[in-house]
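Undergrad: using only what follows, build the 3D model:
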Amino acid sequence: GGAMVAIEASEAEVLADSPRLDIAAINGPHSVVVSGDEPEAVAYAEQWRARGRRVKRLSVGHAFHSARMEPMLADFKHTLAGATFTEPTLTLISNVTGRPAPPTEICTPDYWVTHVRSTVRFADGI
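TA: Down below sits the predicted model:
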């Protein structure tokens, strides 16, 4: 459950508000997605709309990249432990760091568990 909302705001602006939500994605200098419990996400979106900013609720079934994902992380890690990872043949830009990812880092279940819970840093990667 939960909700995700795209907001015309910078990461710094959202962090300054200290919402009871997580920043799920940073898509650009003034484009973030917040994620968390539905009532808080909807109310937070309305605050930004009242400031004259564009907001859009995303059509998702879960509040990805937020604390709402924590209950599934152990099972997800257990499932990934049975997967075979191979080093990519091309450089992969990590959405966790926004930098080129060392193959030893992305070829582990821990990386992908972290990815599910962390902010997706598209803007940094670009």
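Undergrad: break the chain into its domains for me.
TA: Domain segmentation of the chain under the TED database yields 2-65, 68-118.
Undergrad: redo these as CSV? Include mean neighbour count, mean pLDDT and distance to Ile126.
TA: Using the backbone N, CA and C atoms, a C-beta is placed for each residue, glycine as well. CSV is the format used below for the domains of the chain (neighbours: other CB atoms under 10 Å; pLDDT from 0 to 100; distance: least, CB to CB, whole Å):
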stretch, mean neighbour count, mean pLDDT, distance to Ile126
domain 2-65, 17, 96, 8
domain 68-118, 14, 94, 8
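Undergrad: any idea how far the residue nearest to Val96 when sequence neighbours are not counted lies from Phe85?
TA: Using CB to CB, 6 or more residues apart in numbering and skipping residues adjacent in sequence, the residue nearest Val96 is Ser118, 5.1 Å away. Using CB to CB, to the nearest Å, one gets 18 Å for the distance from Ser118 to Phe85.
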